[in-house]
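Visitor: Sequence plus the predicted model coming up.
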Amino acid sequence: MIEIKGVTKSYGDLQVLKGVDLVIPDNKVVAIVGASGAGKSTLLHILGTLDTPDSGYVSYDGVNVTALKNNKLSHFRNKNVGFVFQFHHLLPEFTAWENVAIPAWISGRGRNEGEQAARALLKRMGLENRAEHRPSELSGGEQQRVAVARALVNNPKVVLADEPSGNLDSDTKRELHELFFRLRDELGQTFVIVTHDNELAQSADICLKMRDGIIANNL
């Protein structure tokens with residue numbers, strides 16, 4: 001279980017988060033919706049320890065990760081949090097399997113172990129035959145599935161996704177969304193997804209609406 005308690009965040013005179021309280025249970029697809037500027041991405045970054053709150057805390061299974069510093073924080077993030085963004089951020093000089101394996105290598109797993117984990121995930125994504133291709137040789141949907149595999153390679157507690165289907169056509173978008181729910185069922189994976197996609201929001205196990213820096217309601 002992930003808990004956010006009393007989280008606030010300001011940038012200069014602009015207060016973006018105004019006291020967010022939130023509990024995210026395991027093995028769920030959680031959608032966060034709301035207008036641009038409501039604080040969705042800021043909340044996601046704090047949840048993923050990419051940013052720190054001005055007040056309040058984030059805990060994972062009772063551990064206050066807001067208090068972690070430097071190497072301990074980096075290690076926690078690498079092992080427990082996966083990220084998928086609107087733009088896949090794959091490294092162009094590496095193949096699909098190498099992109100997926102990089103977080104595993106950073107975590108200290110050996111080259112062969114990282115490669116085996118990466119190839120197994122790509123097979124699960126239906127990309128077994130694309131493992132040796134570089135990002136420029138993949139479609140947009142394939143690139144995003146590689147990004148999902150990369151997010152999963154260290155068996156994280158949660159995968160955080162910020163508009164992951166924002167650049168995809170309707171059919172590819174639907175395939176990606178179905179993948180999230182399949183991974184929830186097959187791997188017991190938790191997803192927290194910031195989205196403007198109504199279909200995904202309505203299908204999610206939990207849909208949270210943000211308005212003016214707070215959770216307005218649980219839809």
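Guide: All right, it came through fine.
Visitor: so how far is residue 190 from the spatially most central residue of the chain?
Guide: Centroid-nearest residue in the chain: residue 160, 1.8 Å away (criterion: C-alpha atoms, centre = their mean). Residue 160 is 10 Å from residue 190, where distance means C-beta to C-beta, to the nearest Å. For the C-beta atoms, the positions are set from N, CA and C on the backbone; glycine is no exception.
Visitor: and the residue lying closest to residue 1 once chain neighbours are set aside, how many neighbours?
Guide: Nearest residue to residue 1 in three dimensions, chain neighbours excluded: residue 25, at 5.8 Å (C-beta to C-beta, 6 or more residues apart in numbering). For residue 25, the tally of surrounding residues (other C-beta atoms under 10 Å) stands at 11.
Visitor: can you pull the pLDDT of the residue nearest to the centre of the chain?
Guide: Residue 160 carries a pLDDT value of 92.
Visitor: can you check residue 141 too?
Guide: 85.
Visitor: And the worst-scoring helix or strand of the chain on mean pLDDT, what does it pack against?
Guide: Ranked by mean pLDDT, DSSP states H and E, the weakest helix or strand in the chain is strand 214-218, scoring a mean of 75. In terms of contacts (3 or more C-beta pairs under 8 Å, 6 or more residues apart in numbering; DSSP states H and E), strand 214-218 is packed against strand 14-24, strand 206-211.
Visitor: At which residues are the strands of this protein located?
Guide: Under the criterion DSSP state E, strands of the chain are mapped to 2-11, 14-24, 29-33, 55-60, 63-64, 81-85, 158-162, 190-194, 206-211, 214-218.
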